[in-house]
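Any chance you can model this:
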Amino acid sequence: MSLSSVFHIAGSGMSAQSTRLNTISSNIANAETVSSSVDQTYRARHPVFATVFQDNLNGGQGQGSLFADQDQAGQGVQVMGIIEDQSALMPRYEPDHPSANADGYVFYPNVNVVEEMADMISASRAFQTNVEMMNTAKQMMQRVLTLGQ
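Numbering: from 1, shown residues only. The predicted structure follows:
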């Protein structure tokens, strides 16, 4: 692994954490939206990440070993997709609410704001760590260039 690949790895991590922050902000923004039916209610969303290995970057042309992934260092991260949380929604009996159904219930999203805030702190710190890693790699490369002086 070369020092220049650090920038690619950190960049993919920053991109993944940015996607994570966007989904968290969407969840928090919709935490108090209501609906009269389960089908129309907002559900919390979460990104799914996967490690990118060197074989994946080369189009799958690796050593041909069944255990190649165990000996490789990760070459970055990618967002595989964003899934909806299938946990139960929160029905509340509010017959005076304009969005109440015929039984007087409104449905609130399955978003836990406290968990989302904890995830937001974790994602922002992970993003910050990737930035610091890029800065450290840049400083190391600059010092290598000054060795010959």
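
I24: neighbouring residues, count only.
25 (other C-beta atoms under 10 Å). For glycine as for every other residue, the C-beta is placed from the backbone atoms N, C-alpha and C.

let me redo that: P91
14.

That one bridge partners, please.
F107 (DSSP bridges).

I figured it hits G104, correct?
No. Taking contacts as C-beta atoms under 8 Å, P91 lies outside contact range of G104: 10.0 Å.

Next, the contact list for Q86, please.
R43 (C-beta atoms under 8 Å, 6 or more residues apart in numbering).

In three-state terms, label I24 for me.
Using DSSP: H, G, I helix; E, B strand; the rest coil, the structure places I24 in helix.

so what's the nearest residue to it once chain neighbours are set aside scoring on pLDDT?
Of all residues not flanking I24 in the chain, M120 sits nearest, at 4.9 Å (C-beta to C-beta, 6 or more residues apart in numbering). On the pLDDT scale, M120 is placed at 97.

Check whether M120 sits in a helix, strand or coil.
helix.

From M80, how far out is it?
Per C-beta to C-beta, to the nearest Å, M120 is found 21 Å from M80.

For the residue most central in space within the chain, list the residues it contacts.
In the chain, the centroid-proximal residue (C-alpha atoms, centre = their mean) is R20; its distance is 3.0 Å. Contacts for R20 were tallied using C-beta under 8 Å, 6+ apart; they are P47, D119, A123.

let's see 7 Å
Going by C-beta atoms under 7 Å, 6 or more residues apart in numbering, R20 touches P47, A123.

avg pLDDT for the helix or strand it falls within?
Element membership of R20, judged by DSSP states H and E, is helix 5-29. Helix 5-29 shows a mean pLDDT of 94.
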